[in-house]
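**Student:** with the sequence up front, the predicted model follows.
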Amino acid sequence: MNRSFVAKNPSVLIFLACLAVFTLVVTILSEGFGIGVVSTSFVKTLGKTLCLCLIAVAMDLIWGFVGILSLGHFAFFGLGGYMIGMWLMYERTRLIVVESLSQSDIPPTAAEVTDAIGNQIFGVVGASEFPLIWVFADSLVLQLALVVLVPGLLALVFGWLAFRSRVTGVYLSILTQAMTLALALYLFQNDSGLRGNNGLSGLQNLPGVTASQDQVSLWFLWASAAALGAGYVLAAWLVWGKFGSVIRGIRDNEARVRFLGYSVESYKLAVFTLTACIAAIAGALYYPQAGIINPAEVAPIASIYLAVWVAIGGRGRLYGAVIGAAFVSLLSTWFTGGQAPDIPLGFYTIKWVDWWLVLLGVSFVLVTLFAPKGIGGLFDLITARRSPDRHGADLGPDDGALREQEAGR
Amino acid sequence: MKRLFALAIGLLLAQVLAAGMAAAQADGIQPVLQAHKDTITKSSRKTIGPAIDAIAASGVVQAKDVLEAWVAKDMWLRKSDGLFFRGEKVEGKTYRLFDFDSGGAVGVFPKSELKQLKPNSGVRALIATALVRFQLNAADAGKRHDALTSIARDPDAAHLEPLRASIAGEPDAELKATKERLERLLTIRFDADEAARLAAIGAMSGDLGVDVRAALNPLVVTTRNAAKELPEGANIAAQLSPGQDGFSRQDSYALLVAVGLALAPPTAGEIRNALNDNISGGRVGGVPVAQLSDPDARLVAYDALAASGLVLARIRDQQIDDILAAHVFFDLYADPSPTVTKAASQALDEISLKVGLNQTLDLTLDALSLASIYFLAAIGLAITFGVMGVINMAHGEFIMMGAYTGYVVQQVIPDHTVSIIVAIPLAFAVTFAAGVAMERLVIRWLYARPLETLLATFGISIALQQLAKNIFGTQARPLTAPGWLDGAWVLNDVVSISYIRIAIFVLALIFLTLFLYIMKRTRLGLETRAVTQNPKMAASMGINPDKVNMLTFGLGSGIAGIAGVAIGLFAKVTSELGSDYIVQSFMTVVVGGVGNIWGTLAGAAMIGFLQKGIEWMNPSNTLAAQTYMIVFIIIFIQFRPRGIIALKGRAAGD
Amino acid sequence: MSTLLEVSGVSVTFDGFRAINNLSFRIGEAELRAVIGPNGAGKTTFMDIVTGKTRPDEGRVLWGDKSQSLLKMSEARIAQAGIGRKFQKPTVFEDQTVQENLLMALKKPRSWLSVLGYRPVASDLARVEELAAEIGLVEALSRKSGELSHGQKQWLEIGMLLAQEPRLLLVDEPAAGMTPTEREHTTDILVRAAQTRAVVVVEHDMEFVRRLNCKVTVLHEGAVLAEGSLDHVTANQDVIDVYLGR
């Protein structure tokens, strides 16, 4: 079975090979274990980019293959980050507190330690009590489980409600956007229990680990690469067999799949929840590299950018999503980081820090209009894949159906 | 009590002094000042009272001038003879002095020969109180009004008598009513006569004014207290027993500690410090230090220390029970008179019912105004999304463009009224043009692809937002409403609504009418409806769908621009203005039901009322209100996926 | 002949328009039935009700030996119970190969978990081959169905219906846009299918109905106007009035 999977999907092997080579090269060039050409902060940027690629794979799965344009997947990404962030922050604060309390002669009681941690963590929002949602924060294992469980449950409940009432197309997109907006607004409150707009910080320090950031950054790069590889293989496996056939059917013509006797809702729910979990894992790997998470990360705009990455990379092909996310987010870092050279026009100097978003917006419109296949379409030039000649007709009646140019013969 | 006593003394003193001053009247104010020279020059809040009272009660016409000069730090003492004058700076360090009594200039003196009297803020407050008497009877109505305002802001027992005295002579009917009202409020708070207070309370009950509640509330405020036995004759609201009615044993003991009737039990921190101080040889009270991470072990060690007399003993539960049993706990009214507190609480009950009703009305007005804002923001979207099925994520940016157009117009035309009148059509023109350009260049290629339209218009949205940032900067720009829109329509102290909000409500009504007119009565409306329902059929009947789509989209965008001007009047104009409204606008359209203006209206009303309602239940937290509202909407969509007013049947499409 | 589907007293209203008006209809096992009627007679809405797409305002729809009500069931459950539907416009999954289309339609467990673990075995592939042969698409098995001609898509959809092995087949205007030879082939497929199951064909084309040679139900304004052999109903004065205008 697996043999035929790999045999029918050579792109998976190519992708895994590229990923492995990339990881190896970065490791060799890094400061932590290699010759020090690539700075640690850039290693972190690359690691974070891998996480963004992973959530882009999830997004492509739900949008490119099931046809649901979710504008809320960063909610799951952020929740994953919050879940791991809670443990990181709790454990690190605990170590500091225990260290400082041990300065005095009398050993501290458990209650004193907890109070001191609470004070440290929640002082910024004028509280010192641990909210209920932190009850598992002292256990890495439970908190790791929550990374998947909390976003998964949210996706399950939300998806069940939305799919059950047959909300589709743009309505569903707006509803997912509302979901992430509600979550962001909730997290912004000081009494949300997650430090309001301060968010969780200091996440780059692994409690109890003495290794330098140079090395830790590489560990995370490897973990991110492994997660991306695993997520890619899983996604490719899902869209390959009969399951893939059914979900692509749902994308192009939902009603037909329903009349074939498939419960469309349960398929959508399964993929929606699965992609939420993938997004959460990506988030849990991303935020320890970013060092800080706050509610702004969950704002609706982030999820729309995600859709933009996938669209620029080329939806409906997994490598397209990865390329789009990596390309746009790295380019964005380059432009907004001030590294891009300004263009003096004599009367006006174009500063890319100011003009990058204009460029991105305009080029995205151009991609949507003139190159629906996105960057992934370039590969068709090599593989000589051609689009069908359908005189402009889409491949199905549904909003999420593939467009003529997006399909292959 | 103390206050009344002081008042009585003050009055007594004033009378005695007044008797003495009658003789001095003929000599003018200077002798009075001289009589209190020491206290005046010393100028201390504690001792200055008699001097001020003497001046105020002197009956000399110039007393007011003296007090005014004094409080303005214009009173000078001539060192050579110790006389007081009003001084005016001439130049450099010389001052021209004026005699208080004659008003004439005495001459110019260098500063070195003079001493300026600089009353501190406490003294100035006392002088101001004394001045009130004069101001209440001032010839200028404006001054009388100011005096009343200052009394209302900072009422004091001393104001009561002069206020009463001034009522009879008040010529202005409106001011007289204000004086009478203020007199009653002061009576309620300060009068010594119980009957007068009851009468005043009776007269004010049912009044909605915040000041009335401010006068009545202190009367019914209770303080929790404890004593060995109930105090005689005290106005007690309720007696409490520890461990009942939410008054726990801990609370009651803490109360005893607070009033000094019991010793505070050592806190966990104090126990820890005590242990820390008494470590000897790795042990505290016989317990090894290493075991002290256990709270029980700490107590054992502390008790051992207490037994050897090193620290105060902990207070045991049994002791606490005994101490609690030996005391009574009660809530005490601040006011000593039971009849007054009873009348006050009755009056407050009556008022609070009325206030409740009026608050509901106020909330309704608030909700209505919020609903009209959402309606304004969403109506353009209802056209493009509802009628044409086009998701325009840049709709919010059109609102922003409208607001910035208003701002730019105000930079050119300084007159606010004219600039708004110019800005509204201009904003329409600008966003109409932008909408048509966007439709021609982007949207018409994507009509069958709503999801791609959503993303492409999002691309335009971020580009426009960043452009606005590059042009206008990140800080908020003001869009000032014309003067006649300032202020609010005040029905009473509870119910009020600002004119801007009324204007926006009216604007929303105008748009509703306009929209209905265009859709039902004009050729464009007819063609739009035809194209919406069946583009191919419409085209075959000679309607140009391209043109209709373009104009409809332009219309929707243009209305967004006007909404932008309206929203800019009360919100800050920033590049993020639009994105603040976009999600709510979509919600409004979706909740209301697509393709129907009444649906949009219903959606806006529902979201507006819902948000205000939730905010009212949890007023401190507007973020939470928005969160719950969105969650509610998500659930609402479950039950009415097509919105409040839905198209039914096959025409609705599946 | 036992009753497979019984529709009785069904009415449905769209915004005041009565699309179906107290309609009663029954069909037995292994019966071929043609439903004809002018535009707006409620033919498609009738199919929507049976397949669960539209909920009627009143009436009963009973199915099978146990007289199960279909009104409470979802479209997917109704399809699983054995009712297959072919739409007016050919609707196949155009981005997928003919083989994938047929494999998806094969009667197999439909839950997402079992589909996830499903891999086609030799017998499944053989069945697909057999179906393709019946609808004349053996050569096209590995082609994307989007490239097929209009008639081929119609056949593919019928093939998918057969692959479902339904007990009742609802076919909406199968011959629309077909050449005469293609029509003949379609007739053969339908008549053969009706030997083992019930088939309801909605059609405009009298010639096509005549070739089916079966009992005919005439719908008009959401109710049954006449029922019987084609010759019988075409002789009916009401039917003539409706078709030729009053």
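**Tutor:** Perfect, thanks for sending it.
**Student:** residue contacts, the closest residue to chain C within the stretch 251-400 of chain A?
**Tutor:** Distances between the stretch 251-400 of chain A and chain C by Cβ to the nearest Cβ are smallest at A:G261, namely 3.5 Å. (Each C-beta comes from the backbone N, C-alpha and C, glycine too.) For A:G261, the contact set (Cβ atoms under 8 Å, 6 or more residues apart in numbering or on different chains) comprises C:76, C:79-80, C:110, C:164.
**Student:** could you redo the last one with a cut-off of 10 Å?
**Tutor:** By Cβ atoms under 10 Å, 6 or more residues apart in numbering or on different chains, the contact set of A:G261 is C:75-84, C:105, C:107-108, C:110, C:164, C:166.
**Student:** before we move on, what about A:A58?
**Tutor:** Contacts of A:A58 by Cβ under 10 Å, 6+ apart are A:70, A:73, A:76-77, A:231, A:234-235, A:271-272, A:274-282, A:306, A:310, A:321.
**Student:** among the residues you listed, which are in helices?
**Tutor:** Counted as lying in helices by DSSP state H, out of those, are A:73, A:76-77, A:231, A:234-235, A:271-272, A:274-282, A:306, A:310, A:321.
**Student:** one step back: which residue is the nearest non-sequential neighbour of the residue of the stretch 251-400 of chain A closest to chain C?
**Tutor:** Take A:G261 and drop its neighbours on the chain: the residue closest to it by Cβ to Cβ, 6 or more residues apart in numbering or on different chains is C:A79, 3.5 Å away.
**Student:** in which helix or strand does A:A155 reside?
**Tutor:** Taking DSSP states H and E as the criterion, A:A155 maps to helix A:140-164.
**Student:** test my guess that B:T474 contacts B:T574.
**Tutor:** Yes: B:T474 is within contact range of B:T574, at 7.3 Å (criterion: Cβ atoms under 10 Å).
**Student:** overlap in contacts of those two?
**Tutor:** B:A468.
**Student:** ok, those two, which is more surrounded?
**Tutor:** Taking other Cβ atoms under 10 Å in any protein chain shown, B:T474 and B:T574 do not tie; B:T574 has more neighbours (22 against 10).
**Student:** so who does the more buried one touch?
**Tutor:** Taking Cβ under 10 Å, 6+ apart as the test, what B:T574 contacts is B:400, B:403-404, B:465, B:468-469, B:472-477, B:568, B:580.
**Student:** how about residue 140: what's its closest non-neighbour residue?
**Tutor:** No chain specified, so I'll use chain A. Going by Cβ to Cβ, 6+ apart, A:L140 has A:W87 as its nearest residue, at 5.4 Å.
**Student:** the intended chain is chain C.
**Tutor:** C:V98 (5.1 Å).
**Student:** sticking with B:L569, tell me its helix or strand.
**Tutor:** Residue-wise, B:L569 maps onto helix B:545-570 under DSSP H and E.
**Student:** what's the average pLDDT for that helix?
**Tutor:** For helix B:545-570, mean pLDDT is 89.
**Student:** returning to what we had before: from C:A105, how far out is the residue of the stretch 251-400 of chain A closest to chain C?
**Tutor:** Distance, A:G261 to C:A105, using Cβ to Cβ, to the nearest Å: 9 Å.
**Student:** which neighbours do those two have in common?
**Tutor:** Contact criterion Cβ under 10 Å, 6+ apart; residues shared by A:G261 and C:A105: C:84, C:164.
**Student:** ok, back up a step: the strand or helix carrying the residue nearest to A:L140 vs helix A:140-164, what angle?
**Tutor:** A:W87 belongs to helix A:73-101 when assigned by DSSP H and E. Counting by axes from the mean of the first three to the mean of the last three Cα atoms, to 10 degrees, helix A:73-101 points 160 degrees away from the direction of helix A:140-164.
**Student:** does B:L332 sit in a helix, a strand or a coil?
**Tutor:** strand (DSSP: H, G, I helix; E, B strand; the rest coil).
**Student:** quick check: bridge partners of it?
**Tutor:** Note on B:L332: beta-bridge partners B:T223, B:I236, judged by DSSP bridges.
**Student:** list the contacts of A:V257.
**Tutor:** Counted by Cβ under 10 Å, 6+ apart, A:V257 has contacts A:245-251, A:263-264, A:267, A:398, C:75-76, C:79, C:93, C:104, C:110.
**Student:** so where is chain A shaky, pLDDT-wise?
**Tutor:** By pLDDT under 70, the weakly predicted segments of chain A are A:1-3, A:384, A:408-409.
**Student:** apply 50 and report the result again.
**Tutor:** Scanning chain A with the threshold set as pLDDT under 50 gives A:1-2.
**Student:** ok, which stretches of it are strands?
**Tutor:** For chain A, strands defined by DSSP state E occupy the ranges A:200-201, A:292-293, A:343-344, A:349-350.
**Student:** ok, and the closest non-adjacent residue to residue 166?
**Tutor:** I went with chain A, as the question did not name one. B:P641 (6.2 Å).
**Student:** sorry, I should have been clearer: chain C.
**Tutor:** Counting by Cβ to Cβ, 6+ apart, the residue nearest C:P166 is C:G84, at 3.5 Å.
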